[in-house]
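1. sequence unavailable; structure follows:
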């Protein structure tokens, strides 16, 4: 080895790793020497560890050699050497064979070794043990778990946790010891340092109680299969609260999980929370508040207590705590802005917080809680502020503004002005894109803002550095411009692009221009044609092609046909188109390529439907993200595409039905309901039902899951009896064989009366059950089985099954347009635990209508007005205003329904679940 | 004082490194019991050794590293990892276990063939003499085929680890041989 390389890694600051082979050779030599030089071995071991910690590894043979050499160091009793031996052995366990050879030596140290390396020994033992040798170590591990030294106890607890996958049944027997560790009071042994003058008054901690955290984690793993045992575990902390903040935070998370799985436990477990909310540790208070506010079943009183705690935390000097508190409040603000109004004074004070992240959150939170009075002022404050914050936070602010303007349509003017101002600022693509998105949304969903928004966008593209944004804006101008009162204004702006921009922008400008030609004004059409003819001289062929195509279409006599091409009134559903195309391309069957891909199989959406879906997506994403902040990313992605998923599901149903000739004959599927549960989720057979509405028929799809492991069902059918004679059964498609733990579907078809008619169906599941022979997984041949029946809940056909939610930009206008008003008053009985929100959510779901003007979010606890809009499967419009008032006598509900179909409004008004 | 003496003697005999002795034998022969009887002078309760025990003991002012390797079938292959620099091997036989004496013989001869052990002395303990039906030292010697060993200093001693009989005699012989060879 050269001196050069030797020196290089001697210098720990250089950051260079020692040479692997040199270290290997030197280690083997030194460890096998006699007598052992403890100091040199320590140095070499630390070098080896540095390699291993840096991610270096050795081939198996070499690692095993190294392992055996290191094991020879056990005969030297130097405590610091032993400690390093353990660290190295622990790392080598993963890459070396025959690690069990160290077992006896480690066990000896655990039983009567020095305290310095005992915890290391315990942790190494956990890596060495396997399913067969763990029994030999059981006694020792148990003793360590209850050791009075907190380090040893912690090491043993964490090691047990790691041994769970190795031998769960063995570790389970240590539950009592773990339980003992959690409640014990351990402290570090008196150390000479604690009285050392250097430390003076600053005495070392005598204990940290961290072992409680480790013990709790292990105990939870041992018990989490059994809800009762978990409850018992949690209840013991009633009399003996945990002292470690980490352990308490963990406990709160466990409690939170329990409540999430079973909402009924919310109130029984509530009694722990007040103490947590007044804990001396910030993190415990934060965790408790977060849990209360993110789970649905806490009462608003309880939520207010949590918010009270957060309010106090907003003014502590610790920045991290302030940040965490304001972040939680920000989440709540998305869903329940009125709840955190109490914190407004504190939040206002934080606008000028020295930490920009804290101040940004404070402002966006305030924006969300904003009422129409203070919104203007907040927007003004924030404009003075935008220059100081990074793009990332600017985007958060823009998002908040966007939500706010959808919430307060009448404030759109100041919002747009603000957006326009920031649009002029310097900023990256993502930031500009967020602003453009916000302006798009405002112009789409607030009709009265359209002209102002378009004007701003026109100005923007005059000087836009991002091609992509310019193209999007031009497309929007082409769509919306012709609908405005003064379309010529936009033509100039668009044509400017044709003169000044690159070819991509030019070609989209050509398309946008041609849309103006269809307004029907002769002079405009003429000028557009002149402009398009000029485009024929363009240097780029795409621009020329588009101009030529548009001119050709405009010159045809049939103006309707031109309209279909230039401004189609429907869109293809893109996710489904993508799915179908990839299916087509991936198909293994060569014959399928003989026919071209059929675009007609892709469902189309009218503009209005697309808008509905988009609006739903935009508003639901907000709600979901506020509740499920903790759930994994994958989860979130699924949520994002919820409306897409719905469309896919509908597509799936149609696809399934196309394969069943009897049902295919019924024509197109008009509407499918969401799945209704007809049994409890924990029963032997889980049944859900989906109602499919066709022109003259109703098909009920019963999805049945056999959750048993040893019973096979045969000839499964549902006896479904309608209450009303208007429905008569046509046919039934049973399941022949339903194997254990599989799912299947039964279809029952009924003819349905022409008009919309509600009815309930009583359902009975009938089947022949056979025992499964565990050896073959099949029922025995001679087994005849016995017929049985299983009562499941009734299913109702409700008016909601005939209604499709749809969006209206102006509910008041839509309401005034409709007649056939019907109204009804009901008493819904006691207020459910989720309050009025639960009632509202259920109403939206059962009536299958879209909530307008953000009325799907309940802001007051005593009363609420819900505005709903939808269309029947025949295209009849329907609007409903539902007033809810909660009092001691229960919830009173007053329905006012108007529809273009008198029958429909009567049915909806009088429908109640 | 002991340290000074041992270092003086060490120089005298030219021994300036630790003496390394392995204790080998089938499982349940009493290796661990012998180790701790020699080190602490008392009988400890033992469990089957998974791996090895190593103790340093001072005997007649000589410091000895005693390695007691586990005797279970699964562990025997790893004995060879510890053969290097070994001054002597103590092979322990359970004199009452007549069925497995052939296995012991096989393991013993296989071990002695190893190159790293050609210089090492061999001491056999015919252990568990306190038990009824135990073979005598001569019978064990015959069963193990010790007389066939050439070019090696060996000895067999009847012992009872529990009673502490025979252990010191055996060790005395071993130390003498080692001293002689080192000189």
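-> That came in fine, so what should we check first? Note that the coordinates shown come from a computational prediction; the quantities given were computed from them, not determined experimentally.
2. roughly how far does residue A:462 sit from residue A:892?
-> 56 Å (CB to CB, to the nearest Å). For every residue, glycine as well, the C-beta is placed using N, CA and C.
3. okay, these two: which has more neighbours?
-> Taking other CB atoms under 10 Å in any protein chain shown, residue A:462 and residue A:892 do not tie; residue A:892 has more neighbours (15 against 12).
4. is the more buried one in a helix, a strand, or coil?
-> Put simply, residue A:892 is strand when judged by DSSP: H, G, I helix; E, B strand; the rest coil.
5. residues in contact with it?
-> Neighbouring residues of residue A:892 by CB atoms under 8 Å, 6 or more residues apart in numbering or on different chains: A:825-828, A:884-886.
6. ok, 6 Å please
-> A:827, A:885 (CB atoms under 6 Å, 6 or more residues apart in numbering or on different chains).
7. near chain A, which residues of chain B are found?
-> When proximity is defined as CB under 6 Å from any CB of the partner chain, chain B approaches chain A at B:17-18, B:49-54, B:65, B:78, B:81, B:85.
8. which two in these are spaced the farthest apart?
-> Farthest pair in these (CB to CB) is B:17 and B:50. Separation: 29.0 Å.
9. name the nearest residue to the closest residue to chain B within the stretch 251-400 of chain A, sequence neighbours excluded.
-> Closest residue of the stretch 251-400 of chain A to chain B, CB to the nearest CB: residue A:254 (36.5 Å). Nearest residue to residue A:254, sequence neighbours excluded (CB to CB, 6 or more residues apart in numbering or on different chains): residue A:220, at 5.8 Å.
10. would you list the phi and psi of the one you found?
-> phi -60, psi -40 (degrees, to the nearest 10).
11. for chain B, which segments are assigned as strands?
-> With DSSP state E applied, chain B shows strands at B:19-25, B:52-59, B:62-69, B:88-94, B:121-127, B:154-158, listed in chain order.
12. longest helix in chain B, by residue count?
-> Taking DSSP state H as the criterion, chain B has its longest helix at helix B:167-182.
13. would you list the strands of chain B in a markdown table and tack on mean neighbour count and mean pLDDT?
-> Output for the strands of chain B, formatted as a markdown table (neighbours: other CB atoms under 10 Å in any protein chain shown; pLDDT from 0 to 100):
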| stretch | mean neighbour count | mean pLDDT |
| --- | --- | --- |
| strand B:19-25 | 23 | 92 |
| strand B:52-59 | 19 | 88 |
| strand B:62-69 | 22 | 90 |
| strand B:88-94 | 26 | 94 |
| strand B:121-127 | 25 | 93 |
| strand B:154-158 | 20 | 93 |
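14. where are the low-confidence patches of chain B?
-> B:1-17, B:182-183 (pLDDT under 70).
15. and residue A:384, how many neighbours?
-> If we define neighbours as other CB under 10 Å, then residue A:384 has 8 of them.
16. quick one, what contacts the nearest residue to residue A:281 once chain neighbours are set aside?
-> In space, and not counting its chain neighbours, residue A:281 is closest to residue A:245: 3.9 Å by CB to CB, 6+ apart. By CB under 6 Å, 6+ apart, the contact set of residue A:245 is A:281, A:283-284.
17. let me know the pLDDT of residue A:245.
-> With respect to pLDDT, residue A:245 has a value of 90.
18. go on, residue A:615?
-> pLDDT at residue A:615 comes out at 65.
19. and if you look at residue A:604?
-> Taking residue A:604 on its own, its pLDDT is 69.
20. same check, this time on the one 5 residues further on
-> Model confidence at residue A:609, given as pLDDT, is 65.
21. and residue B:17 and residue B:50? which has more neighbours close in?
-> Taking other CB under 10 Å, residue B:17 and residue B:50 do not tie; residue B:50 has more neighbours (23 against 14).
22. residues contacting that one?
-> Contacts of residue B:50 by CB under 6 Å, 6+ apart are A:100, A:103-104, A:133, B:70.
23. which positions in chain A make contact with chain B?
-> So chain A meets chain B at A:34-35, A:68, A:74-75, A:100-105, A:133 (CB under 6 Å from any CB).
24. and the longest helix of chain B, what's buried?
-> B:167, B:170-171, B:173-175, B:177-179 (16 or more other CB atoms under 10 Å in any protein chain shown).
25. returning to that earlier point: show the pLDDT at the residue nearest to residue A:254.
-> 91.
26. distance of residue A:878 from chain B?
-> Separation of residue A:878 from chain B (CB to the nearest CB, to the nearest Å): 77 Å.
27. walk me through which strands the helix or strand containing that residue pairs with, and which way each runs.
-> For residue A:878, the host element (DSSP states H and E) is strand A:877-887. Partner strands and pairing direction for strand A:877-887 (DSSP bridges) are strand A:863-872 (antiparallel), strand A:890-899 (antiparallel).
28. including mean pLDDT and distance to residue A:593, could these go into JSON lines?
-> Output for the strands paired with strand A:877-887, formatted as JSON lines (pLDDT from 0 to 100; distance: least, CB to CB, whole Å):
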{"stretch": "strand A:863-872", "mean pLDDT": "84", "distance to residue A:593": "39"}
{"stretch": "strand A:890-899", "mean pLDDT": "85", "distance to residue A:593": "48"}
